[in-house]
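Curious how this folds, go ahead:
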Amino acid sequence: MVRRTGVAASALRFYEELELIAAVRTAGNQRRYARHMIRRVSLISVAKRLGIPLSDVQDAFADLPRDATPSQEDWQRASGRWKRTLEEQRRGIERLEEELMGCIGCGCLSMKACGLLNPDDALAGGGSGPRRLD
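Model (predicted):
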C-alpha cells in the first residue's frame with residue numbers, strides 16, 4: 001500500500017487507528033489492505049492537500065463498509081454528506097474574503113476600529129476572537 005499510494009506506513013497505521021481504513025494481518029503479522037482501501041487512502045490524501053480535517057473525512061466515511069467494497073450507493077451517500085460540509089466551508093471562506101476585501105478597501109487599516117465592519121467596537125461584547133464569521 002505504501003508503494004501504491006505514496007503514503008507513509010506510519011500514516012497508514014494512524015488512519016487505521018482512526019478507523020478510516022482497515023487491514024488484515026498475515027501469519028507473519030504483516031498488514032494487508034483490501035483493494036478498495038486504496039480509494040479511501042487516495043481520498044484522505046486529497047483531503048489533506050485541501051486542508052480538510054481528518055474528522056470531516058471520518059464523518060464522510062462513517063457509513064462506508066470497511067470489510068467489503070462499498071457500493072456505488074454507499075459512495076454517493078458519503079460524497080453527498082461530504083459535499084454539504086465542503087459547501088459550508090466554501091461559504092465561510094467567501095464570507096471571510098468579502099469581509100477582508102471590505103476592510104482593506106476602506107483604508108483605515110484597523111479591523112478593531114473599523115467604522116464600517118465594527119462601529120464603536122460593538123462586537124467586543126460577544127467575546128474575544130473573530131465574531132462575524134461564526
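
longest single helix anywhere in the chain?
Secondary structure of the chain per DSSP state H: the longest helix is helix 72-106.

How is the spatially most central residue of the chain assigned, secondary-structure-wise?
Closest residue to the average C-alpha location of the chain: residue 52 at 2.2 Å, with CA atoms, centre = their mean. Three-state assignment for residue 52 (DSSP: H, G, I helix; E, B strand; the rest coil): coil.

any idea how far the closest residue to residue 61 other than its chain neighbours is from residue 98?
Closest residue to residue 61 apart from its sequence neighbours, by CB to CB, 6 or more residues apart in numbering: residue 20 at 5.8 Å. All C-beta atoms are positioned from the backbone trio N, CA, C, and that covers glycine. Going from residue 20 to residue 98 by CB to CB, to the nearest Å gives 34 Å.

May I have the phi/psi pair for residue 65?
Backbone torsions for residue 65, taken as degrees, to the nearest 10, come to phi -70, psi 140.

List the residues that contact the spatially closest residue to it that is not a sequence neighbour.
Counting by CB to CB, 6+ apart, residue 65 lies nearest to residue 74, which is 6.8 Å off, once chain neighbours are set aside. With contacts defined as CB atoms under 8 Å, 6 or more residues apart in numbering, the neighbours of residue 74 are 63-65.

So which of the residues you listed wins on neighbours?
Sorting those by how many neighbours each has (other CB atoms under 10 Å) puts residue 64 first, at 18 neighbours.

Thank you, goodbye.
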